[in-house]
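**Student:** build me a model:
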Amino acid sequence: MQLGELLPQLARQADKYSLIRNLSHNSNAHETAAYMVQTGRPAGGRDVFPGAGAVVSLFKGYDAGYRGLLPPYIVLTELQGRFSEAGFLGQRYKPFATGGDPAQNRFIVEGVVAPGIDDARQRERRDLLHRLNTFEHAAAGGDPRLAALAQCETEAYEMILGDAGKVFDLAQEKAADRERYGRNTFGQSCLLARRLVERGVPYVTINYKGWDTHKQHFQIMRRKLPEFDRGLATLLADLSDRGLLDQTVVWAGGEFGRTPRVLWEAPWNGGRGHYGKVFSALVAGGGFRGGQVVGASDARGEEVVGTAVHPSELIAGIYGRLGIDPAAKLPHPEGLDVRAVPQQSDAPRTTNPLAAIL
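**Tutor:** Predicted coordinates for the structure are as follows:
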């Protein structure tokens, strides 16, 4: 396994993860590629299929006995905006996007932390709301719908003022631990992801922007890769030290790779474009073997050598590690027979391309 000089911490953690170097699809467009990588489906059909986070939320969230106040599918910090992550599963399985920046002194989580309002003022507002709500007082104990609303309010305030919401307060971590992850948005998002995993949240996504390097690719990599290296390597080590890595899948990748041919001419000045024919992903934990390299590209990085891995096969491998049957049926609004991962009907593979790491 060869890693560039800008990833020294990940090199020291290489026993914990494997690299898949032969991922491939037929799209060089952000929207369609992001859709394929997260759903395992071709873009452009009549249905919008749910992404992996929504499917995990379906099978590991509220319907499967998850009772945490924290939503079962959390995005740090912004949605990609490429497609509706919940697809036809609907609003119940949409991710909760925190907004804000966990690297700031106070992490302003949208809907949980209000800027400029401390906890004491929040309690005063709640008390005022209750005093004004004369209808609820008059109908107390009568209507089950009012009881459901009251329970909803209680849980919402538990997120704002109680212990559940404190998971977002990174000031509870030691300063040295925050430094280990890196005092930047990605590093602190990795730290928060670890805290969410400790609370039992089934699925966490970190959307790490800034990799679309059409211009000045190499200058940008010298800024981005050290952040990525520090945050991800510390997350893997931390999960391992706390006994959580074996039950937690970590999946790092993008919707495609970058063109092997560098565009040196103006205005690109060393830029690289979109490239879906060959790209890579990192997987760790949750039953995946570490220290392995799956697949290869040719000497120029232009073509897959041997068998390519389609995103649907990677997603199926991840579902299997999480105890989700890739052939499990999804509740389609029109009653169609839709499975968690598209099933190969005409020419199923005789061997699993990811067998070496499963």
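
**Student:** residue 23 and residue 278 touch, don't they?
**Tutor:** Yes. Contact criterion C-beta atoms under 8 Å: residue 23 and residue 278 qualify, at 7.4 Å. Placement of C-beta: from N, CA and C, glycine included.

**Student:** tabulate the CA atom coordinates of stretch 198-205 in CSV.
**Tutor:** Below are the C-alpha coordinates for stretch 198-205, written out as CSV (Å, rounded to 0.1, in the frame of the first residue of the first chain):
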residue,chain,number,x,y,z
GLU,A,198,-20.8,6.7,21.1
ARG,A,199,-24.5,7.8,21.6
GLY,A,200,-25.6,5.0,19.2
VAL,A,201,-26.6,7.2,16.2
PRO,A,202,-26.9,4.7,13.3
TYR,A,203,-25.6,6.8,10.4
VAL,A,204,-23.4,9.9,10.3
THR,A,205,-22.2,11.7,7.1
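
**Student:** how about it: buried residues?
**Tutor:** 201, 202, 203, 204, 205 (16 or more other C-beta atoms under 10 Å).

**Student:** tell me which entries of these lie within strands.
**Tutor:** Residues from those lying in strands, with DSSP state E as the criterion: 203, 204, 205.

**Student:** looking at those residues, which is nearest residue 341?
**Tutor:** Of all those, residue 341 sits closest to residue 203, with 16.0 Å by C-beta to C-beta.

**Student:** let me know the pLDDT of that closest one.
**Tutor:** On pLDDT, residue 203 comes in at 98.

**Student:** residues contacting it?
**Tutor:** Residue 203 makes contact with 52, 53, 56, 57, 60, 72, 73, 74, 95, according to C-beta atoms under 8 Å, 6 or more residues apart in numbering.

**Student:** what sits opposite it in the beta ladder?
**Tutor:** For residue 203, the beta-bridge partners are residue 73 (DSSP bridges).

**Student:** from residue 328, how far out is it?
**Tutor:** Relative to residue 328, residue 203 is positioned 16 Å away (C-beta to C-beta, to the nearest Å).

**Student:** so which residues of this structure form helices?
**Tutor:** 8-12, 30-39, 52-60, 119-132, 134-138, 144-161, 175-181, 185-198, 217-241, 311-321 (DSSP state H).

**Student:** any chance of the buried residues of stretch 198-205 in CSV, with distance to residue 43 too?
**Tutor:** Formatted as CSV, the buried residues of stretch 198-205 follow (distance: C-beta to C-beta, whole Å):
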residue, distance to residue 43
201, 29
202, 26
203, 22
204, 25
205, 19
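
**Student:** ok, residue 20 - contacts?
**Tutor:** Counted by C-beta under 8 Å, 6+ apart, residue 20 has contacts 280, 281, 282, 283, 294, 295, 309, 314, 354, 357.

**Student:** for the third one, list the residues it contacts.
**Tutor:** Shown in contact with residue 282 (C-beta under 8 Å, 6+ apart): 17, 18, 19, 20, 232, 250, 251, 252, 253.

**Student:** so which of those residues belong to strands?
**Tutor:** Counted as lying in strands by DSSP E, out of those, are 17, 18, 19, 20, 250, 251, 252, 253.

**Student:** tell me what the fourth one is bridged to.
**Tutor:** So the one you mean is residue 20. For residue 20, the beta-bridge assignment (DSSP bridges) gives partners residue 281, residue 294.

**Student:** any low-confidence regions in the stretch 151-300 of the chain?
**Tutor:** 155-157, 159-161 (pLDDT under 70).

**Student:** please tell me the pLDDT value assigned to the closest residue to residue 48 other than its chain neighbours.
**Tutor:** Excluding the flanking residues, the one nearest residue 48 by C-beta to C-beta, 6 or more residues apart in numbering is residue 87, at 4.4 Å. With respect to pLDDT, residue 87 scores 97.

**Student:** I figured residue 87 hits residue 45, correct?
**Tutor:** No. The criterion here is C-beta under 8 Å, and residue 87 misses it with residue 45 at 11.0 Å.

**Student:** these two - which one has more neighbours?
**Tutor:** residue 87 (23 against 8; other C-beta atoms under 10 Å).

**Student:** show me what contacts that one?
**Tutor:** Going by C-beta under 8 Å, 6+ apart, residue 87 touches 39, 47, 48, 49, 50, 51, 54.

**Student:** from residue 109, how far out is it?
**Tutor:** 25 Å.

**Student:** could you do residue 199 as well?
**Tutor:** Relative to residue 109, and taking C-beta to C-beta, residue 199 is found at 14 Å.

**Student:** contact partners for residue 52?
**Tutor:** By C-beta under 8 Å, 6+ apart, the contact list for residue 52 reads 38, 39, 40, 203, 315, 318, 319.

**Student:** try 7 Å
**Tutor:** 38, 315, 318 (C-beta atoms under 7 Å, 6 or more residues apart in numbering).

**Student:** chain neighbours aside, what residue packs nearest to the most centrally placed residue in the chain?
**Tutor:** Taking C-alpha atoms, centre = their mean, the centroid of the chain lies closest to residue 205, which sits 1.8 Å from it. Once flanking residues are discounted, residue 205 sits nearest to residue 75: 4.7 Å by C-beta to C-beta, 6+ apart.

**Student:** overlap in contacts, residue 23 and residue 278.
**Tutor:** Residues touching both residue 23 and residue 278 (C-beta under 7 Å, 6+ apart): none.

**Student:** how near is the residue lying farthest from the centre of the chain to residue 146?
**Tutor:** Note on the chain: the largest C-alpha distance from the chain mean falls to residue 138, namely 45.4 Å (C-alpha atoms, centre = their mean). From residue 138 over to residue 146 the distance is 10 Å, taken as C-beta to C-beta.
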